[in-house]
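Q: The following block contains a protein sequence and its predicted model.
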Amino acid sequence: MEKNNGGCFSNLSSNLPIIFFIVITIILFRVLYVIYRTGKPLSKRAPQQPLSTLIVLGSGGHTAEMINLLSVLQKESFTPRFYIAAATDNMSLQKARVLENSLADSSEVQGISAEFMQIYRSREVGQSYVTSVWTTLVAMAHALWLMIKIRPEVVLCNGPGTCIPLCVIAFFFKVVGIRWSSIFYVESIARVKRLSLSGLLLYKLSIADQFFLQWPQLQRKYPRAHYVGCLM
């Protein structure tokens with residue numbers, strides 16, 4: 001009996017490299033498939049069916065640009081809306097509440113719901129890189145919890161660093177089949193000659209489904225992006 005058990009364990013251990021190779025190959029093909037499908041039209045859906053939308057806000061000009069973009073968005077098609085800003089950024093959520101209150105006063109969008117949330121920053125300005133390792137892990141765990149809770153169909157962002165963990169997790173959800181979230185990234189109008197770090201990561205890693213630029217010279221450097229002109 002012991003010999004049989006020993007033989008089973010021996011066979012299993014000898015097959016571990018093959019099993020590992022198969023698993024890695026399957027994951028690799030799935031990631032490549034997700035990258036291939038990124039940006040392509042999804043399967044047909046009811047034309048009037050609204051899309052749950054996650055909107056990532058950043059301090060200062062990022063929020064101003066996002067609010068300006070949302071003002072021309074077809075709100076009835078993107079609901080419920082979930083606004084997320086950094087835990088230390090109360091002003092951005094306040095501006096989002098003002099926008100939603102103005103929408104609530106409009107008869108054409110009555111009944112549309114919105115939620116406001118905050119997320120931990122990976123690194124504060126001036127924080128040492130040593131301590132930022134821990135805060136980054138905490139921020140990733142918090143982002144994962146928020147994404148599991150929201151599971152948005154659309155992620156809309158325009159450059160703040162807080163969007164990176166959320167977009168990475170949204171991409172991970174695509175790979176494992178939890179939720180296919182379409183990620184739309186609009187680069188800030190302040191980026192005239194080069195992309196922001198957030199934009200560069202999402203572009204190079206093919207995480208964003210649609211990548212929009214506001215300056216034509218950037219589109220020549222990043223051909224997969226779409227030039228849409230100034231949105232401000």
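A: Okay, I see it. As the structure is a computational prediction, the values presented were derived from the model and not from experiment.
Q: Now do the contacts for E187.
A: Counting by CB atoms under 8 Å, 6 or more residues apart in numbering, E187 makes contact with N158, G159, L195, S196, G199, F211, F212, L213, Q214, L218, A225. C-betas here are computed from N, CA, C, even on glycine.
Q: The fifth one and I169, how far apart?
A: The span separating G199 from I169 equals 18 Å under the rule CB to CB, to the nearest Å.
Q: can you check the second one too?
A: Computed as CB to CB, the G159 to I169 distance reads 18 Å.
Q: In terms of neighbours, single out the busier of the two.
A: A direct count of neighbours by other CB atoms under 10 Å for G159 and I169 places G159 higher, at 25 against 20.
Q: Roughly how far does that one sit from S198?
A: When G159 is compared with S198 (using CB to CB), they lie 5 Å apart.
Q: Which ones among the contacts of E187 map onto helices?
A: When DSSP state H is applied, the contacts of E187 are split such that G199, L218 fall in helices.
Q: Next, format the contacts of E187 as CSV and append pLDDT and distance to V31.
A: CSV is the format used below for the contacts of E187 (pLDDT from 0 to 100; distance: CB to CB, whole Å):
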residue, pLDDT, distance to V31
N158, 90, 26
G159, 79, 25
L195, 93, 23
S196, 90, 24
G199, 92, 21
F211, 95, 19
F212, 95, 24
L213, 94, 26
Q214, 92, 30
L218, 93, 27
A225, 94, 21
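Q: ok, now which ones touch the most centrally placed residue in the chain?
A: Centroid-nearest residue in the chain, with CA atoms, centre = their mean: C167, separated by 2.4 Å. When contacts are counted by CB under 8 Å, 6+ apart, C167 touches V155, C157, I183, Y185, L202, I207, A208.
Q: what's the nearest residue to the fourth one if we skip its chain neighbours?
A: Once its chain neighbours are removed from consideration, Y185 has its nearest residue in A208; the separation is 4.2 Å (CB to CB, 6 or more residues apart in numbering).
Q: Helices of the protein, start to end?
A: According to DSSP H, the helices that the chain contains are 2-37, 61-70, 90-104, 129-150, 163-176, 197-204, 216-221.
Q: Nearest to I55 among those helices would be which one?
A: helix 61-70 (6.7 Å; CB to CB).
Q: list the buried ones in that closest one?
A: H62, T63, A64, E65, M66, I67, L69, L70 (16 or more other CB atoms under 10 Å).
Q: now do stretch 209-227
A: Those would be D209, F211, F212, L213, Q214, W215, L218, Q219, Y222, A225, for stretch 209-227 by 16+ other CB under 10 Å.
Q: Could you tell me the end-to-end distance of it?
A: End-to-end distance for stretch 209-227, by CA to CA, to the nearest Å: 15 Å.
Q: just stretch 139-158 next, same as before
A: 19 Å.
Q: Tell me which residues are up against it.
A: 51-56, 58, 62, 65-66, 69, 78, 82, 84, 117, 119-122, 163, 165-167, 169-170, 173, 178-188, 198.
Q: returning to what we had before: mind putting the contacts of E187 in a markdown table, distance to R151 included?
A: Compiled in a markdown table, those are given as follows (distance: CB to CB, whole Å):
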| residue | distance to R151 |
| --- | --- |
| N158 | 21 |
| G159 | 23 |
| L195 | 28 |
| S196 | 26 |
| G199 | 24 |
| F211 | 23 |
| F212 | 24 |
| L213 | 29 |
| Q214 | 30 |
| L218 | 32 |
| A225 | 27 |
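Q: Roughly how far does Q219 sit from L213?
A: 5 Å.
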